[in-house]
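1. I'll drop the sequence and a predicted model, then ask my questions.
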Amino acid sequence: MPHVPDPLPPAVLAALQRGQTIEAIKLLRDATGLGLKEAKDAVDRHRSGPARPPEATAPWHGTLPPPVLAAIQQGHAIEAIRLLRQTSGMGLKEAMDMVEAHRRTHPAIDPMRSPGEVPRRSAAGWALAAVVLLALVAWFVWRR
């Protein structure tokens, strides 16, 4: 199996700097004997840059950056998640969870509510209130 040189040959790097990706793949195949897929993958890896070190994806313990907060306040959750991933290096699920947790703990900035509107109670809250009211009525009836 042919070996992918690290770094890529100078002719391949020069083609990439000129923006000639297909030419770079052809040159890499000619220089190494790699198949099309392997050469394309090697060029793509080079273009995407070095892999992030493991510590770059460590849990985020900071506060949300101002651009992320601004996106949340404007109702742009997807943009907030993208910005958070970009600035912290965290994964998609972690970023989604953090943005949602912030939205839940800061309901006053939820753009889906009108100014001064409070969050609505769930059906469980209404059911509990009905049970308490029914118990009070039963207690008064029993006392008579």
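-> Cool, got the structure. What you see is a predicted model; the values in this text were computed from it and never measured. Numbers count the residues shown, from 1 in each chain.
2. mind checking pLDDT for the most centrally placed residue in the chain?
-> In the chain, the residue lying closest to the centroid (CA atoms, centre = their mean) is Leu92, at 3.4 Å. pLDDT recorded at Leu92 is 88.
3. Can you verify my assumption that it contacts Ile81?
-> Yes - here Leu92 reaches Ile81: they are 7.3 Å apart, a contact under CB atoms under 8 Å. For every residue, glycine as well, the C-beta is placed using N, CA and C.
4. Can you give me the neighbour number for Ala70?
-> Applying other CB atoms under 10 Å, we find 14 residues neighbouring Ala70.
5. Kindly tell me how buried Ala14 is, as a neighbour count.
-> 14.
6. what's the closest non-adjacent residue to the residue nearest to the centre of the chain?
-> Arg85 (6.7 Å; CB to CB, 6 or more residues apart in numbering).
7. I'd like to know how far that neighbour sits from Ile72.
-> 14 Å (CB to CB, to the nearest Å).
8. Map the structural domains onto the sequence of the protein.
-> 10-48, 55-144 (automatic domain parsing).
9. and those domains as CSV, adding distance to Val4?
-> Below are these laid out as CSV (distance: least, CB to CB, whole Å):
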stretch, distance to Val4
domain 10-48, 5
domain 55-144, 24
